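Asks: I'd like to go over a predicted model; first the sequence, then the structure.
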Amino acid sequence: QYPGHQPYPGNAWQPGQPGWPTNPGYPGQAAPLGAPQPGYPGAVPPWAHGPAPTPGPGRFAKFVAAGAVALALMAGSGIAGGAVALALDPGSGGRTFTAAPIINSADLPGIAAKVANSVVSISTGNGEGSGVVLTADGYVLTNNHVIASADGDTVRVVFADGKNVRAKIVGTDPKTDLAVIKADGVSGLNPATFGDSDGMRVGDTVLALGSPLGLQGSVTAGIISARDRTIQAGSENQRPQQGVSSISGLLQTDAPINPGNSGGALINTRGEVIGINTAIATAGQGTGNIGVGFAIPSNKAKAVAEQLQRGQKVSHPSLGVAVNTAENGGALIAQVNPDSPAAKAGLREGDIVTRFGDRVISESNDLVAAVQAGRVGDRVELTYVRDGAEAKATVTLAETS
C-alpha cells in the first residue's frame, strides 16, 4: 500500500500487500467464521459459527483481536474438544441502575481528558496494544493477547506523559482475554475509575481510548450498539488444539477501534471505564474498523483483574459439549466430552438443548452465553429433545480443564 514505508507498530499485516512484512504464525488474517477448523475433522466446531457471510464470493465477516498483530482472541486458552467453558458473572438480579448522563458533544473533550492519563501504550517487542491503569503504584489491566507475544515475562509501558518503563507480567487469564502487568519504579499514577457495565443501555454514548496502529492517546466516539454479544475469534493459522475461541457477554460499540486498541478503555459519559476493548469485526480482506467493535464489560474485567493481582486462579465453568445450531432452533450437541457435566447428566450426541435454566436456547451461541453466565458448582436444569421427545436433565457445572 505504501511501498518502502514501514507500518505503524501494532498494525496487523495485510497479506499480499507489497512492502508489508510477513508475520510467521499469525498472518493478521482471521479465518472466515463457519469455516472448518484443523483438528475437528468432518464438523465445524460450535464457536466457528458467526454472522452470515458478507455478500460476494469469498468474503466473510470475521472477528479479529484489536491488538498488536491481530492474534487470535484468547490464544492458548486450550478449549479442547469444543467444551463450553468460559465464565461471566450472573445477571444483576433485581439491582437498579442510574443511566450515564446524556451530554452535549462539546463536553466530550473534557470527558476524554479526565481519563487520558489512565490509559497507556504497551509494547512487547513484537507488537503493541493498550492498557488501563489500575493502581497508583503501577498495576495495569490489558488483554491477554496483547502480552501473549512477549519474549519472557516483561513488556514495556509508555504512559501519557511519555515515560517509558519496564513492566512484569503478573497474571493472565486467556479464557477471558485479560491480563495484569506491573510497571517498575512508578508511583502517583492516575488509576482509572471503573463504572457499572450492567447499567449501560443500547444508545448510550461511549468513548474508546487507546493506541490504534501505534498512535498513542487516540480517542474515538460512538454508542453502545448492543449488549451481551457472543463472538468467535481466530486466526487463519491458529494451532489445531486452540480451535476458535468464544466469549460471551460483550458490549458492542460503533466507536471506531482498530489494531492496537486492544486492552484500552471504553468509557461512559462520566469518564468511567465500562469496558476493555478486545475485538473488531472485519469484512473481506481488510482488518480495519467497520463500526462493529467489542469490549469486555468492566464488571467482569475488574473482578478478573483483582484475582490476577492477588495471584489467584480465575475459575471458569464448563458443560463439556461441542454444539452447533440445530436446523429448527436450539443447540445441537455434536460432541460430549468424557466425564464432563453433560456426560454425567446423560446427555448424548444428537440431543438438542432448548432451555438452560430459565434461558431459552435458540442457537448454539445462546448455550455458550448461558454457561458462561454461571459459576462452577451451579446445578442447572436443562431441557433437551432426543428423537423427537422432550426431556429434562440436571447438570452441575465443573471447572474447565
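Replies: Here it is on my side, so go on.
Asks: longest helix of the chain?
Replies: In the chain, with assignment by DSSP state H, the single longest helix is helix 298-309.
Asks: got the contact list for that helix?
Replies: 88-89, 134, 139, 141, 170-173, 176, 178-180, 194-198, 249, 272-276, 313-314 (CB atoms under 8 Å, 6 or more residues apart in numbering). Any C-beta I mention is one placed from the backbone N, CA and C, and that applies to glycine too.
Asks: restricted to strands, list those residues.
Replies: 139, 141, 170-173, 178-180, 249, 273-276 (DSSP state E).
Asks: residue 320 versus residue 335, what's the distance?
Replies: In this view, residue 335 and residue 320 are 9 Å apart by CB to CB, to the nearest Å.
Asks: compare neighbour counts for the two and give me the winner.
Replies: residue 320 (27 against 19; other CB atoms under 10 Å).
Asks: quick check: neighbours of whichever strand in the chain runs longest in the sheet, parallel or antiparallel?
Replies: In the chain, assigned by DSSP E, the strand with the most residues is strand 218-233. Under the criterion DSSP bridges, strand 218-233 sits next to strand 205-210 (antiparallel), strand 245-253 (antiparallel) in its sheet.
Asks: among those strands, where is the model least confident on average?
Replies: When mean pLDDT is averaged over each of the strands paired with strand 218-233, strand 245-253 scores lowest at a mean of 86.
Asks: which elements pack onto whichever helix or strand comes after it?
Replies: Downstream of strand 245-253, the first helix or strand assigned by DSSP states H and E is strand 265-267. Other helices and strands packing on strand 265-267, by 3 or more CB pairs under 8 Å, 6 or more residues apart in numbering; DSSP states H and E, are helix 108-116, strand 205-210, strand 273-282.
Asks: can you put these in TSV and add mean neighbour count and distance to residue 309?
Replies: Formatted as TSV, the helices and strands packed on strand 265-267 follow (neighbours: other CB atoms under 10 Å; distance: least, CB to CB, whole Å):
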stretch	mean neighbour count	distance to residue 309
helix 108-116	16	21
strand 205-210	26	21
strand 273-282	29	15
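Asks: how about CSV for the ones you listed, with distance to residue 129 added?
Replies: As requested, the helices and strands packed on strand 265-267 are exported to CSV (distance: least, CB to CB, whole Å):
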stretch, distance to residue 129
helix 108-116, 17
strand 205-210, 8
strand 273-282, 10
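Asks: those: which one's closest to residue 227?
Replies: With CB to CB as the measure, strand 273-282 is the member of these nearest residue 227 (10.6 Å).
Asks: could I have the closest one exported to PDB, CA atoms only?
Replies: Output in PDB follows, covering the C-alpha atoms of strand 273-282 (Å, rounded to 0.1, in the frame of the first residue of the first chain):
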ATOM      1  CA  VAL A 273     -14.300   2.700  32.300                       C
ATOM      2  CA  ILE A 274     -17.200   0.400  31.400                       C
ATOM      3  CA  GLY A 275     -15.400  -1.900  29.000                       C
ATOM      4  CA  ILE A 276     -12.000  -3.200  27.900                       C
ATOM      5  CA  ASN A 277     -11.700  -3.100  24.100                       C
ATOM      6  CA  THR A 278     -10.800  -6.500  22.800                       C
ATOM      7  CA  ALA A 279     -12.100  -7.300  19.300                       C
ATOM      8  CA  ILE A 280     -13.400  -6.000  16.000                       C
ATOM      9  CA  ALA A 281     -15.500  -7.400  13.200                       C
ATOM     10  CA  THR A 282     -13.900  -7.100   9.700                       C
END
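Asks: and it, what does it pack against?
Replies: strand 62-65, strand 128-133, strand 205-210, strand 218-233, strand 245-253, strand 265-267, strand 293-297, helix 298-309.
Asks: filter the contacts of helix 298-309 to the buried ones?
Replies: Applying 16 or more other CB atoms under 10 Å to the contacts of helix 298-309, the neighbour count classes 88-89, 134, 139, 141, 170-173, 176, 178-180, 194-198, 249, 272-276, 314 as buried.
Asks: where in the protein is pLDDT low?
Replies: Residue ranges of the chain with pLDDT under 70: 1-104, 233-245, 284-287, 401.
Asks: test my guess that residue 221 contacts residue 206.
Replies: Yes. Here residue 221 reaches residue 206: they are 7.4 Å apart, a contact under CB atoms under 8 Å.
Asks: now do the shared contacts for the two.
Replies: With CB under 8 Å, 6+ apart as the test, residue 221 and residue 206 both reach residue 255.
Asks: distance of the residue lying closest to residue 266 once chain neighbours are set aside from residue 250?
Replies: Closest residue to residue 266 apart from its sequence neighbours, by CB to CB, 6 or more residues apart in numbering: residue 275 at 3.6 Å. Distance, residue 275 to residue 250, using CB to CB: 8 Å.
Asks: shared neighbours of the two, which are they?
Replies: Common neighbours of residue 275 and residue 250, counting by CB under 8 Å, 6+ apart, are 295, 296, 297.
Asks: got a quick PyMOL command for the buried subset of these?
Replies: Buried residues within the shared contacts of residue 275 and residue 250, by 16+ other CB under 10 Å, are selected in PyMOL with:
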select buried, resi 295+296+297
